[in-house]
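>>> model the following, please.
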Amino acid sequence: MKMLKTLAAVLAVCAAAAVQARPLDEIQKNGTIVLATEGQYAPFNYFKGKELTGYEVEVGEAVAKKMGLKYEWKTVGFDALLTGLAQDRWDLVIASHAITEERAKAVTFTHPHYCSGGIIVSRSASIAKPADLSGKVVAVQTGTTYLEHVQKLPGVKEVKNFPTDDAARNALGTKRVDAWVTDRFVAKEMLKKVPKAGFKTGELLFVEQIAAAVSKGNDGLAGAWNKALQELMADGTIAKISQKYFQEDVTCK
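Numbering: from 1, shown residues only. Down below sits the predicted model:
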């Protein structure tokens, strides 16, 4: 999912700043990896009371442990995550960033930890396919890949941006928009929690691979993360975490 509008800012930071990301050996010497996420994107990363949890949080913690490291979490607004990575404020971001060519100019992606896509959510069964969005007002979260895909659809009356995915969903709930485009697993979780809300899911607009990101060129850290992630996939740990949150295996096939 996510993250388009701040790429220019991230690239500018990378070009202008002399900040050097912590390499793997420095992180290992310190013993703690600093992980960053949004904390407002259930069921992937969110707060349950004061506890940060979610699929990506558990995956991140499991990978860090497999690497022999302790972990420290930072949570910030989505738009600030990759910029903070470029400024060396944290070592790795795991916050539902889809792998795209444009983003890969600013960061180094790890192997994907899940595959998903943007799905149409509405209050009417007549709004289910991309063509059904013609003449409609559609809600999306600011800075996301959903925004880009919806903007490319012919005939959409208006795309309304919201600072969080929850705000975009609420706009649909209060009938300020005709449809909402979000991650298919976010929609699945929402329907499970509020089955009587009157929301209906339609078709996927696109499919994408989701991965963690490290500073551009920090290949040692990316490689160690990938090795640990692959081992956890092989031994069933990631599948177990996936089943806990989604009742299915969401890793890329």
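
>>> helix/strand/coil for the nearest residue to K66 once chain neighbours are set aside?
Nearest residue to K66, sequence neighbours excluded (C-beta to C-beta, 6 or more residues apart in numbering): A228, at 3.8 Å. C-beta here means a position set from N, CA and C on the backbone, and glycine is covered the same way. Counting by DSSP: H, G, I helix; E, B strand; the rest coil, the backbone at A228 sits in helix.

>>> wait, A228 touches V59, no?
No. Contact criterion C-beta atoms under 8 Å: A228 and V59 do not qualify, at 10.4 Å.

>>> who has more neighbours out of those two?
V59 (25 against 19; other C-beta atoms under 10 Å).

>>> poorly predicted segments of this structure, please.
Where the chain drops to pLDDT under 70, the residues are 1-19.

>>> how would you label the residue lying farthest from the centre of it: helix, strand or coil?
Going by C-alpha atoms, centre = their mean, the residue of the chain most distant from its centre is K29, 29.2 Å out. Following three-state DSSP, K29 is assigned to helix.

>>> repeat that for the one 5 residues further on.
In the three-state summary, V34 is assigned as strand, counting by three-state DSSP.

>>> please name the residues that touch it.
Y71, E72, K74, R89, W90, D91, L92 (C-beta atoms under 8 Å, 6 or more residues apart in numbering).

>>> what's the farthest-apart pair in the residues you listed?
Across these, the longest distance by C-beta to C-beta is 15.2 Å; it joins Y71 and R89.

>>> distance of the spatially most central residue of the chain relative to A36?
The chain has S96 as the residue nearest its centroid, 1.4 Å off, counting by C-alpha atoms, centre = their mean. The gap separating S96 from A36 is 12 Å, by C-beta to C-beta, to the nearest Å.

>>> and for A168?
22 Å.

>>> now the helices: where do they sit in this protein?
Per DSSP state H, the chain carries helices over the ranges 7-16, 24-30, 55-66, 81-86, 145-151, 165-173, 184-193, 219-234, 237-246.

>>> re the thing from before, most neighbours out of the contacts of V34, which is it?
D91 (28 neighbours).

>>> so who does that residue touch?
So D91 contacts A21, R22, I27, I33, V34, L35, V214, L221 (C-beta under 8 Å, 6+ apart).

>>> identify the farthest-apart pair in these.
Maximum pairwise distance in the contacts of D91, criterion C-beta to C-beta, is 13.8 Å, between A21 and L35.

>>> more crowded one of these two?
L35 (25 against 20).

>>> run through the bridge partners of the more buried one.
Beta bridges link L35 to W73, L92 when assigned by DSSP bridges.

>>> could you number the chain from 10 rather than 1 from now on?
Sounds good: first residue 10 from here, last item L44.

>>> I'd guessed L61 sits against F53; true?
No. Applying C-beta under 8 Å as the test, L61 and F53 come out as separate, 11.4 Å apart.

>>> looking only at neighbour counts, state which of those two leads.
F53 (30 against 18).

>>> list the residues that contact that one.
Applying C-beta under 8 Å, 6+ apart to F53 gives the contacts G63, Y64, E65, A104, S105, D192, F194, V195.

>>> ok, the second one to Q252 distance?
It stands for Y64. 10 Å.

>>> domains of the protein?
When the chain is parsed with automatic domain parsing, its domains come out as 16-123+219-255, 126-216.

>>> dump the ones you listed into CSV; add distance to C261 as well.
Output for the domains of the chain, formatted as CSV (distance: least, C-beta to C-beta, whole Å):
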stretch, distance to C261
domain 16-123+219-255, 5
domain 126-216, 10
